[in-house]
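Participant: Quick one, structure for this:
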Amino acid sequence: MLVPVFYVLNGLLALSGLLALWLRSGEQRFSLSLIQVIAGLPLLAGEYLYLAYHLEARAARVVLFSEVVFALTWLAMAMRLRSATLSGERKSRISILGEIGVGAVVTAGAAFFLGYRLVPEISASILTFSNAGPAYFSSVLLLITVFYAAWRLEQFWRSLDTRLRWEYKTVVVGSFLVCGTLIWSSSYRLTYLAVLPKHVLLLSALLPLGWGLIFYGVLRHRLLNRKIFVSRKVVYSFVVPSLLAFYLVGFGLVSLVMRAFGLQMSFVLKWLFLA
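Facilitator: The predicted model follows:
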């Protein structure tokens, strides 16, 4: 009974992005994305909790679709961090319309392929997917989006002065917690092409924690619809790109060895550490 409700709520979350067309300033559009994230995180966590206790194809489809919608919302928030600052560029309505159009195409494609082309298999309380299928590419989209958001968040944090860092601290920490959680989830899914109930149960616990930090920071310091004063000097992100490079090399090497020789990840990691 809850699956249609989840689809409706995700559709409303996606349609709320159209409000950006009527918002004039960058900080207003960033506030809209922040509100969408605050609304989308509990929805995604609730769907993970539902999937943990109802491991079936219908529940898996709505969770994967919700991940795509949330990934687009998370991406919009990361992209609008720049326009929310004094040094950011003002976007024209045409560029905003283009972003909305791309998001609409991705959302419609996800709804079609995940709804009609995804055929997951359930065995021994494990949900498995085929290689290079809709679930695989939705996980790739989620992984790329979250990494990009983490990179923009680091740039944003390093550009803030001491006073603003204190105000945005819980929002940034909560956002990084969400990024780390979704990176781990999508990485596991890309490696094993499977979803375990205990993993989605853990996701349903970690995401509300990140949501609580974000919501507390926004409410406590009144961060909606305000100018963000940042340093005008060029700020380079170092930590996230370094972790991304290390992750891609390590994850790619481990996955390649696993697929080539049919080995378990624990054995491959032990072999790499000993080497």
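Participant: pLDDT weak spots in the stretch 51-200 of the chain?
Facilitator: Within the stretch 51-200 of the chain, the ranges that satisfy pLDDT under 70 run 82-91, 119.
Participant: again, 50 this time
Facilitator: Applying pLDDT under 50 to the stretch 51-200 of the chain flags residues 88.
Participant: quick one, helices of it?
Facilitator: If you assign secondary structure with DSSP state H, counting those that start in this stretch, the helices in the stretch 51-200 of the chain sit at 57-83, 93-112, 134-159, 162-192, 197-221.
Participant: Which one of the ones you listed lies nearest to Trp22?
Facilitator: Distances from Trp22 to each of the helices of the stretch 51-200 of the chain were compared using CB to CB; the shortest belongs to helix 93-112, at 9.5 Å. Placement of C-beta: from N, CA and C, glycine included.
Participant: Not counting its own residues, what contacts that closest one?
Facilitator: With contact meaning CB atoms under 8 Å, 6 or more residues apart in numbering, helix 93-112 is reached by 14, 17-18, 20-21, 29, 64-65, 68-69, 72, 76, 79, 134, 138, 141.
Participant: sorry, back to before: would you convert the helices of the stretch 51-200 of the chain into CSV that also reports mean neighbour count and distance to Pro4?
Facilitator: What follows is these, written out as CSV (neighbours: other CB atoms under 10 Å; distance: least, CB to CB, whole Å):
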stretch, mean neighbour count, distance to Pro4
helix 57-83, 22, 9
helix 93-112, 14, 13
helix 134-159, 21, 20
helix 162-192, 18, 24
helix 197-221, 18, 20
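Participant: And these: which comes nearest Val5?
Facilitator: helix 57-83 (9.4 Å).
Participant: nearest to Val3, of the contacts of helix 93-112?
Facilitator: In terms of CB to CB, no member of the contacts of helix 93-112 lies closer to Val3 than Phe65, at 10.4 Å.
Participant: Apart from its chain neighbours, what residue comes closest to that closest one?
Facilitator: In this structure, Phe65 finds its nearest non-sequential neighbour in Leu114, 5.1 Å apart by CB to CB, 6 or more residues apart in numbering.
Participant: Tell me which residues touch Val146, please.
Facilitator: Ala71, Trp74, Val178, Cys179, Leu182, Ile183, Ser186.
Participant: follow-up on the earlier one: would you turn the helices of the stretch 51-200 of the chain into CSV with distance to Phe6?
Facilitator: Rendered in CSV, the data for those read as follows (distance: least, CB to CB, whole Å):
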stretch, distance to Phe6
helix 57-83, 5
helix 93-112, 12
helix 134-159, 16
helix 162-192, 18
helix 197-221, 14
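Participant: Of the ones you listed, which is nearest Val8?
Facilitator: With distances scored as CB to CB, the stretch of the helices of the stretch 51-200 of the chain nearest to Val8 is helix 57-83 (10.5 Å).
Participant: tell me what that closest one is packed against?
Facilitator: helix 2-15, helix 26-53, helix 93-112, helix 134-159 (3 or more CB pairs under 8 Å, 6 or more residues apart in numbering; DSSP states H and E).
Participant: Can I get the ones you listed in JSON lines including distance to Pro197?
Facilitator: Below are the helices and strands packed on helix 57-83 laid out as JSON lines (distance: least, CB to CB, whole Å):
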{"stretch": "helix 2-15", "distance to Pro197": "17"}
{"stretch": "helix 26-53", "distance to Pro197": "5"}
{"stretch": "helix 93-112", "distance to Pro197": "23"}
{"stretch": "helix 134-159", "distance to Pro197": "16"}
